[in-house]
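Enquirer: model the structure of this input:
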Amino acid sequence: MEFTMDQYRESADFLRAQLKGFTPKIAMVLGSGLGGLGDEVEHPIFADYKDIPHFKASTAPGHKGRLVFGTLEGQNVAVMQGRMHHYEGYSYEEVTYAVRVLRLLGCEILIVTNAAGCVNTDWNAGDLMLITDQIKMFSESPLRGENLPEFGVRFPDASHLYTPRFQQLARETAAERSIPLREGVYFYCYGPQYETPAEIRAARILGGDAVGMSTAPEVIAAGHCGMEVLGITLLSNMAAGILDQPLSEQEVLDAAEAAREKFTGLIRACLRKM
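Expert: You can find the predicted model right below:
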């Protein structure tokens, strides 16, 4: 499905009416089991996805499916408690629709988080990873179809989708808080089945350090419309074939809960410096 500029504006106007003059500057997408940070937003204004024109519902476990506007660490934020995924039956333009609407509302920065499988065998489940780059080669782009020049150019550069200055900010902040922070490449697979052991071996050969079913489409859309991006992954489990055990949704949610304090601490500390 392709959206028109009028539809994006309709969604933005609907939210603007709810915000009554509040302008968010930093958008945050919280992944599986990580949505609790949205509950910490001060002076919150809530908007359920189902109530916003042209938005889709978020059906993945651990996703509340709403936007939270307010302040966090002194910053005006728009927090997505849950995201849309291609495996839910949505097109990539539908998956990234919210990012473009938040850009129209005034967001200049996007913080993306996710829970992902650990491909790098030198690391451990429970680690946090700074995303330095991503691989998404085997599926459509969210920019496919007619280009909307109000957002960006037809052929955008993707050399620095994850903003170098925010990568350095995250490194310094993690070191100050004594939080070990891995650095690596996020490998996108669209699911919903977990990857096979052979696919994980291929991802490792191609340079992936973590594998997941989100994030990459939103970051492409954000880069297209000129947003700076910081990405943090929770390595919630070892990817398929590394350990002799099946993968499960509950394992991901349990890992997110166990890492909640260090994850939210890092994100909040980075926010203060943006």
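Enquirer: a helix runs through I45, doesn't it?
Expert: No: with DSSP: H, G, I helix; E, B strand; the rest coil as the criterion, I45 is strand rather than part of a helix.
Enquirer: give me every residue that touches it.
Expert: By CB atoms under 8 Å, 6 or more residues apart in numbering, the contact list for I45 reads Q18, L19, F22, V68, F69, G70. No exception for glycine: its C-beta is placed from N, CA and C like everyone else's.
Enquirer: tell me what the residue positioned nearest the centre of the chain is bridged to.
Expert: By CA atoms, centre = their mean, the mean C-alpha position of the chain lies nearest to V112, the distance being 3.1 Å. Legend: beta-bridge partners of V112 under DSSP bridges are V29, G231.
Enquirer: picking that back up, in helices only, show me the contacts of I45.
Expert: If you go by DSSP state H, these have Q18, L19 in helices.
Enquirer: remind me which residues of this protein are low pLDDT?
Expert: Applying pLDDT under 70 to the chain flags the ranges 33, 60-63.
Enquirer: can you show me the helices along it?
Expert: Counting by DSSP H, the helices of the chain are 5-19, 92-95, 97-105, 164-176, 197-206, 216-224, 249-258, 260-273.
Enquirer: redo those as TSV? Include mean neighbour count.
Expert: Listed next are the helices of the chain as TSV, based on neighbours: other CB atoms under 10 Å:
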stretch	mean neighbour count
helix 5-19	15
helix 92-95	22
helix 97-105	25
helix 164-176	15
helix 197-206	15
helix 216-224	26
helix 249-258	17
helix 260-273	17
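Enquirer: would you turn these into a markdown table with distance to I52?
Expert: Listed next are the helices of the chain as a markdown table, based on distance: least, CB to CB, whole Å:
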| stretch | distance to I52 |
| --- | --- |
| helix 5-19 | 6 |
| helix 92-95 | 13 |
| helix 97-105 | 8 |
| helix 164-176 | 28 |
| helix 197-206 | 35 |
| helix 216-224 | 17 |
| helix 249-258 | 25 |
| helix 260-273 | 24 |
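Enquirer: how far away is F187 from V211?
Expert: For F187, the distance to V211 equals 5 Å [CB to CB, to the nearest Å].
Enquirer: quick revisit: so the residue nearest to the centre of the chain sits against E218, correct?
Expert: Yes: V112 is within contact range of E218, at 6.0 Å (criterion: CB atoms under 8 Å).
Enquirer: sorry, back to before: between the helices of the chain, which gets nearest to M129?
Expert: helix 164-176 (10.3 Å; CB to CB).
Enquirer: could you dump the closest one to CSV, C-alpha only?
Expert: Only the C-alpha atoms of helix 164-176 are listed here, as CSV (Å, rounded to 0.1, in the frame of the first residue of the first chain):
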residue,chain,number,x,y,z
PRO,A,164,28.3,8.7,14.1
ARG,A,165,28.1,11.4,16.7
PHE,A,166,25.3,9.5,18.6
GLN,A,167,27.4,6.3,18.4
GLN,A,168,30.2,8.1,20.2
LEU,A,169,27.8,9.6,22.7
ALA,A,170,26.5,6.1,23.5
ARG,A,171,30.0,4.7,23.9
GLU,A,172,31.0,7.5,26.3
THR,A,173,27.8,7.2,28.2
ALA,A,174,28.0,3.4,28.6
ALA,A,175,31.6,3.8,29.8
GLU,A,176,30.6,6.4,32.4
